[in-house]
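Participant: let's see this in three dimensions:
(chains A, B and C)
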Amino acid sequence: MTNAPAHILTLNDVTLRFGGLVAVNGLSLSIEKGSIAGLIGPNGAGKTSVFNVITGFYMPSSGHVDFRSEDGGIIRITGLPPHKVCKAGLARTFQNIRLFTNETVLQNVMVGSYVRQKSRWWMSLMPGLFRGAEREELEIRERSMRLLNRLGLEAYANAPASSLPYGAQRRLEIARALATEPQFLLLDEPAAGMNPQESAELLGFIRELRSDFDLTILLIEHDMKVVMGVCERIWVMDQGALIASGTPEEIRENPRVIEAYLGKDAVNA
Amino acid sequence: MSLNMFVQHFINALGLGSLYGLIAIGYTMVYGILRLINFAHGDIFMLGAYFVFFATIQYKLPWALGVIIAVIGATMCGLLVDRTAYRPLRSAPRISALISAIGVSFFIQNLSVVVFSGIPRPVVQPPMLMKAIPIGGIRLIPLGLMVPVISFLLVSGLLWIVYKTKPGLAMRSISHDIETTRLMGVSVDRIIALTFALGSALAAVAGILWALRYPRVEPFMGILPGLKAFIAAVFGGIGSIPGAMIGGLSLGFVEIMSIAFFPHLSGYKDAFAFVLLIVILLVRPSGLMGEKQEEKI
Amino acid sequence: MNGTTGKNKTRNNLLTAVSVVLFVVFLSWAPGNLNGYTIRILNLIAINAILGLSLNLIYGMTGMFSLGHAGFMAIGAYVSALLILSPQQKELMWILEPIAPWLLNLKAPFTALAEKGGPLFGWLAFLQVPFLSSLFLAGLVASLFGLLIALPVLRLGGDYLGIATLGFSEIIRIMITNMTPITNGSLGLKGLPSYAGLWTNYGCLAAVLICMTRLMRSNFGNVLRAVRDDEIAAKTMGIDTFRARVLAFTLGCFGGGLGGALMGNLITTIDPKMFMITQTYSLLMIVVVGGLGSITGSIVGAVLVTTMLEWLRFVENPVSIGAFQIPGIPGMRMVIFSLLLIIVIIFRREGIMGMREFTWDWFFRNSSAQAEPQSKGGEAQ
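Facilitator: Next up, the predicted model:
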C-alpha cells in the first residue's frame, strides 16, 4: 500500500491480541481524504476492535496507525491515549450510545468544544477579570447551538440528554463529535435501530456531513442498503482479518464476502 | 531475637492473619457476587464477640452453647442486613448500595453503643487456653495454636461447600453472570442469602476468637479489623476465597513481623494495611489471585 | 440560549442581590440578638456547607467516590492551628515531647518578609493577618496532599477509590497521632484562639459558593459532569479525564482543608479522634441528603443535617462533649442519624434536590409562557 498524498488514515499490518484470542489479524487499509468508507463483516469480525485501536483504547500487539493531520504532517497515532487521538483530529460515535445522560443536550455538545478551547478553567472563577475567556464561553455556546440547529436538535437544547428519543440521541452523539472539529469521523453503526425511511434519509445526511464539515468518514454498518448506498470504498473483515476491499459493486460480487456472511452454499446459489 | 520470641511472633502472626482471613472471606464472597463492599461485615464480627460475651459472662452459659448462640445470632444479623438494606437496592446504581452499607455499619455500631453501652468490657479468657505449654524449649499457648487450626478447618469446609455442592456452584455462577444464573432457574436471592450467612458465620467465629485473644469488646472494635480484612481481600484478589485467606495471612505477618523487628514503628501498626492497599492497587489492582475486569467499549 | 429569557435573568439577579443584602443584614443583627448556642449552630452550618460543597465537587459533580475527606479536614485543621497558636501556648501544650523547633514561631517569617518588603511587597500585608492567611494555607496544604494522593489513586474507579481514599484518610490520622513533635499526638491541641466568627465563616462560604457556581456553569463544569457520566465518551471527545479528575479532587481538598481549619477554630480544640471515619459519614449524609451534584443541595443538606444533629441532642439525655466525638455520647442520636441515611438512600437516592439547582423561576412558573424542560446541572440562578 502506497501512502499517496490523498490518504488520511492508514493502518499498517495491525494485530490485536487478547491473551489467546486474535481480535484483529494483520489488518492493513488506507482511506482517502474526503471519502466515505465502510467497514463491514459478520458479527465478531473485529470491526469495533479496529475502531478502538484507531481511537486509542487498545494498543495493538503489532502494526501501527498513521494519520495525516490538518497541516499535512503524518502522526503515528498508535499508542496515543484517546484524548490525544481526538485532539489530532479524529472523532467517533458509539455502537451503544454514550451520552452524558445527566447533562442537557446543549451541554453535551459544548463538552465537545472543550478540546479546542483556549481559555483555562481557572479563568472562569473570577468575575470580570478575564474578558477573553468569557467571550470564548459565549462563542462556544453559540457555536454549539448552531450545531444543534444544523442537526435538528435545537428544540431539545435544555432538555436532559437522556430524555431524547432514540434517533435524536444518535444525532446528538454526532453533533457532539462534530463539536471537536475533527477531520475524520468514525461512525459505529449509525443506522442501528432505524426503519427503512430513516436509513434512506441517513444516506443523504452522511453525504451532507462530509461536504458541510469537510470530513472523511469511516463507518461500521450492518445495513447493506446504507453501506452500498453511501460508501465509496468498502473493507470487509471476517474473524479479525481483511478478506476483501473495493467499490460497492466489487464487494457485492465477491464470493469470499458472500461466503463470510451467508456460508459456503450461498456462493453457488 | 531469640528463637522462642521468633516462634511466638510467628504463631501470633499466623493467628492474627487467620482472623483477618476469616473476616476477609466474607467480604470477598459478597463482593464476588454483588460487587458490593459490605461495610457492615466488620460489625457482624463485633456482634459475634458481643454475643459470646453476653452468653458466657453475663448469662453464665457453657462455652460451647455460647459459641453456638453467638454464631447463629450474628449470622441472623448478617442476613437481616442483606434483607433490609441491600436487597431493595439490587437494581440501583452500585454506589447506592455502598452508601447504604456505610449507613448500616454506622447504625449497627451506634445501636450497639445504646444497647451494650459504649464502655469496653473485658472478656474472661478461659485459663485452660492461656496456659503456656513448653514444646522443645519454646513456650506456646493453646489459644495461639487453636486460632489457625480452627480457621483452616473452617476454610476447608467452606471451600468444600463452594466447589463441591450445588449451592456453591450457584454462588460461583452468580459471581460470573447474575442475570444468566437467574434465567437458569436459580433462586438468586436465596443463594445470596446463603453467601451472607456463610460469610457472617465466619466473621462471628473470628469475632469470638478475637475476643478471646484480645480480651476486650467494644462497639467500634469491628471498624479497623473490618477495614484491614477488606484490604486483605483486595490484596489477595477480590472474589477469590483462597486469595482472601492468603491476603489475611500476608497482612497478619506484615503487621506482627514489622513490629517484631522494628518496635519503634509500633504506633504505625495500623497504617501498614493501608500502605499495602495503595501498593497493591497501584501494582496489580486485581490482587494476587484475582481476575482482571474489563469494561466493554 | 439560556433557559431564562433576558428579562427574567435581570429579575433573577435582582432577587439574588436583594437576598444577599437581607442576609448581610441578618448577619449584622444576629450576634447581638441571638444566644450563643444559636450562633454556634449558624457557624456550624456555614462550615458544614463548605465541607459539603467541596465533597460534592469531588463526588457529586465529578463522580469520584472519595471517603477521605476527614483526612484533609484534619490536615487543614492542624496547619491552621499550628499557624495561629502563639509560641508560649505551644511550649505549654507539647508535654509528651517538645515541639519541633521550626514550628515554634511561625509568624516570624511572615512579619519579617512584610517588614523587609516595604512598598514593593505591599501585597504581603495580607499575610500580616495571620488568621486569614492560616486559612488559606490550611486549604493549600490540604490540596497539596490531595494532589499527592490523587496522582496514584485516581486511576482507580468506584469502590476501590472509596477504600483507597479511606485508607489515606486513616494513614493521615495515624501519622498525626504518632508525629508528636509536630502535632502533639493524641493529646491534640487545645485552647485555639477563636478568630472566626459569623463574618469569616459566611464570607468563606460565599467565596466557595461563588467559585463553585462559576466553575460548574463554565464549560469546564460541563467537562467534569461529562467525566462523571461517561468517562470513555469524555476521553473520546478529547478530554484528559485523569487531569480533570485530579484537578477536581485537589480543589475539593482545598475546601476540605479550609472547612477543617474553620471547624477547629470554632470548637477551639482538635485531636485525631475528631477526624475518624465518623466525620466522613456526616459529610456523606450532607451530600447525599441534599442531592449529589447540586450546589443548592449541599447547602440544604448542611442546614438540615446540622440542625437535625443538634435537635437530636434533645431526644436523648445529652452529655455533650464537643460536636463530633462519638465515644462517650449515649449514641441514640447517631442511631437515628444513620437510619435516616439508609432510608434516604433506599427511598430517595437523589436526595432532596437531585441534580437540580434552585432558581427564582420556580416561584414564577405560573406566569411564564411555557414551562421549560427542567435543565439539570449547573443552571443555578
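Participant: in the stretch 101-250 of chain C, what residue is nearest chain A?
Facilitator: residue C:238 (2.8 Å; C-beta to the nearest C-beta). Just so you know, the C-beta spots here come from the backbone N, C-alpha and C atoms, and that holds for glycine as well.
Participant: and the longest helix for chain A?
Facilitator: helix A:131-150 (DSSP state H).
Participant: got the buried residues for it?
Facilitator: Under the neighbour-count criterion of 16 or more other C-beta atoms under 10 Å in any protein chain shown, helix A:131-150 has A:133-134, A:136-137, A:140-141, A:143-145, A:147-148, A:150 buried.
Participant: tell me the centre residue of the chain?
Facilitator: Picking chain A for this. Taking C-alpha atoms, centre = their mean, the centroid of chain A lies closest to residue A:186, which sits 1.2 Å from it.
Participant: actually chain C
Facilitator: In chain C, the C-alpha nearest the mean C-alpha coordinate belongs to residue C:51, at 1.8 Å (C-alpha atoms, centre = their mean).
Participant: which element, helix or strand, includes that residue?
Facilitator: Using DSSP states H and E, residue C:51 maps to helix C:36-56.
Participant: run the contact check for that helix versus chain B.
Facilitator: No. Using C-beta under 8 Å from any C-beta of the partner chain, helix C:36-56 stays clear of chain B, with a minimum separation of 12.7 Å.
Participant: so where's chain B shaky on pLDDT?
Facilitator: Counting by pLDDT under 70, chain B has low-confidence residues at B:1, B:136-138, B:291-297.
Participant: can you give me the strands in it?
Facilitator: Using DSSP state E, the strands of chain B run over B:121-122, B:133-135, B:138-140, B:216-217.
Participant: now the ones you listed in TSV, with mean neighbour count?
Facilitator: Formatted as TSV, the strands of chain B follow (neighbours: other C-beta atoms under 10 Å in any protein chain shown):
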stretch	mean neighbour count
strand B:121-122	14
strand B:133-135	10
strand B:138-140	14
strand B:216-217	20
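Participant: neighbours around the closest residue to chain C within the stretch 101-250 of chain A, how many?
Facilitator: Residue nearest to chain C within the stretch 101-250 of chain A (C-beta to the nearest C-beta): residue A:115, separated by 2.8 Å. As a burial measure, residue A:115 scores 20 neighbours (other C-beta atoms under 10 Å in any protein chain shown).
Participant: now it: how far from residue A:134?
Facilitator: Separation of residue A:115 from residue A:134 (C-beta to C-beta, to the nearest Å) stands at 20 Å.
Participant: next, the buried residues of the helix holding residue C:51.
Facilitator: C:41-56.
Participant: near chain A too, which of those?
Facilitator: Applying C-beta under 8 Å from any C-beta to these, none is adjacent to chain A.
Participant: residue B:72: which of those residues is nearest?
Facilitator: Comparing the buried residues of helix C:36-56 against residue B:72 with C-beta to C-beta picks out residue C:55 as the nearest, at 39.7 Å.
Participant: kindly report the residues of the stretch 51-200 of chain C close to chain B.
Facilitator: Contact residues (C-beta under 8 Å from any C-beta) of the stretch 51-200 of chain C with chain B: C:65, C:67, C:152-153, C:156, C:158-160, C:162-164, C:166-168, C:170-171, C:174-175, C:177-178.
Participant: in JSON lines: the strands of chain B, plus distance to chain A.
Facilitator: Below are these laid out as JSON lines (distance: least, C-beta to the nearest C-beta, whole Å):
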{"stretch": "strand B:121-122", "distance to chain A": "49"}
{"stretch": "strand B:133-135", "distance to chain A": "49"}
{"stretch": "strand B:138-140", "distance to chain A": "47"}
{"stretch": "strand B:216-217", "distance to chain A": "45"}
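Participant: distance to residue C:345 added to these, as a markdown table?
Facilitator: Listed next are the strands of chain B as a markdown table, based on distance: least, C-beta to C-beta, whole Å:
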| stretch | distance to residue C:345 |
| --- | --- |
| strand B:121-122 | 32 |
| strand B:133-135 | 51 |
| strand B:138-140 | 48 |
| strand B:216-217 | 29 |
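Participant: mind checking which of these is nearest residue C:75?
Facilitator: Going by C-beta to C-beta, the one of those nearest residue C:75 is strand B:216-217, 31.1 Å.
Participant: which residues in the stretch 251-381 of chain C form helices?
Facilitator: Counting by DSSP state H, counting those that start in this stretch, the stretch 251-381 of chain C has helices at residues C:277-290, C:295-312, C:332-347.
Participant: please identify the most buried of the ones you listed.
Facilitator: Burial of the helices of the stretch 251-381 of chain C is given as mean neighbour count (mean count of other C-beta atoms under 10 Å in any protein chain shown); helix C:277-290 ranks first at a mean of 26.
Participant: residue 155: neighbouring residues, count only.
Facilitator: In the absence of a named chain, chain A is used. Counted with other C-beta under 10 Å, the burial measure for residue A:155 works out to 12 neighbours.
Participant: to clarify, I was referring to chain C.
Facilitator: As a measure of burial, residue C:155 has 14 neighbours, counting by other C-beta under 10 Å.
Participant: nearest spatial neighbour of it, skipping sequence neighbours?
Facilitator: Counting by C-beta to C-beta, 6 or more residues apart in numbering or on different chains, residue C:155 lies nearest to residue C:242, which is 6.9 Å off, once chain neighbours are set aside.
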